[in-house]
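[1] here you go, sequence then predicted model.
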Amino acid sequence: MTLTASAPGYTTSSDAVTVQPGKVVEGINPLLARTTGGLSGFVLEGDLEANTATASIVRATVTAAGQSAISGSDGSFSFASLPAGPVTLTATAAGFESGSASVTIEAGKVSEGYILVLARTPSSEETSAPAPAGNEAADDAASSD
């Protein structure tokens with residue numbers, strides 16, 4: 001007979017056992033290895049070109065492997081159970097350009113201290129072109145009517 005043990009987030013383990021009528025089977029210790037790991041970090045406002053971070057971004061949405069988390073009052077976020085292997089973290093927040101980073105999740109471990117830096121989205125004033133120069137005399141005459 002084969003005894004199989006499994007649990008979400010763990011590998012499946014199987015052992016061959018012999019069961020005899022009226023006997024207790026002892027010494028079976030299935031080994032289940034985690035297939036997930038955790039990750040925590042911060043979402044910060046910064047200047048990507050200068051490689052500086054200036055402030056925490058509150059309520060940023062961070063996604064990884066189909067899961068999402070919202071950054072706290074200090075910009076922190078965490079994921080308790082991500083699949084082991086390469087994962088892309090993406091952070092978005094109103095008024096900021098999105099940012100992403102590739103990380104490797106190690107099974108059974110929690111990686112801490114990841115930092116995602118987002119740059120402010122240029123405001124409409126900064127991106128709008130100046131009004132074309134017109135005939136100021138005509139503009140003044142039109143406005144005085």
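    Thanks, I have it. Fair warning: this is a prediction, and the values are worked out from it, not measured in the lab. Residues are numbered from 1 along each chain as shown.
[2] next, the distance between the ends of stretch 46-65.
    Taking Cα to Cα, to the nearest Å, stretch 46-65 runs 25 Å from one end to the other.
[3] SS state for N29?
    Of the three states, N29 takes coil under DSSP: H, G, I helix; E, B strand; the rest coil.
[4] list phi and psi for it.
    Here is the backbone geometry of N29 (degrees, to the nearest 10): phi -130, psi 80.
[5] any idea how many residues pack against it?
    Counted with other Cβ atoms under 10 Å, the neighbours of N29 add up to 7. Using the backbone N, CA and C atoms, a C-beta is placed for each residue, glycine as well.
[6] what residues are up against it?
    Residues near N29 by Cβ atoms under 8 Å, 6 or more residues apart in numbering: none.
[7] for it, give me the pLDDT.
    If you check N29, the pLDDT there is 76.
[8] T104: what secondary structure?
    Assigned by three-state DSSP, the conformation of T104 is strand.
[9] so it is in contact with P83, correct?
    No: under the criterion of Cβ atoms under 8 Å, T104 makes no contact with P83, lying 11.0 Å away.
[10] who has more neighbours, the two?
    With neighbours defined as other Cβ under 10 Å, T104 and P83 compare such that P83 has more, 16 against 11.
[11] ok, the more buried one - contacts?
    35-36, 65, 105.
[12] again with F96
    45, 57, 60, 118-121.
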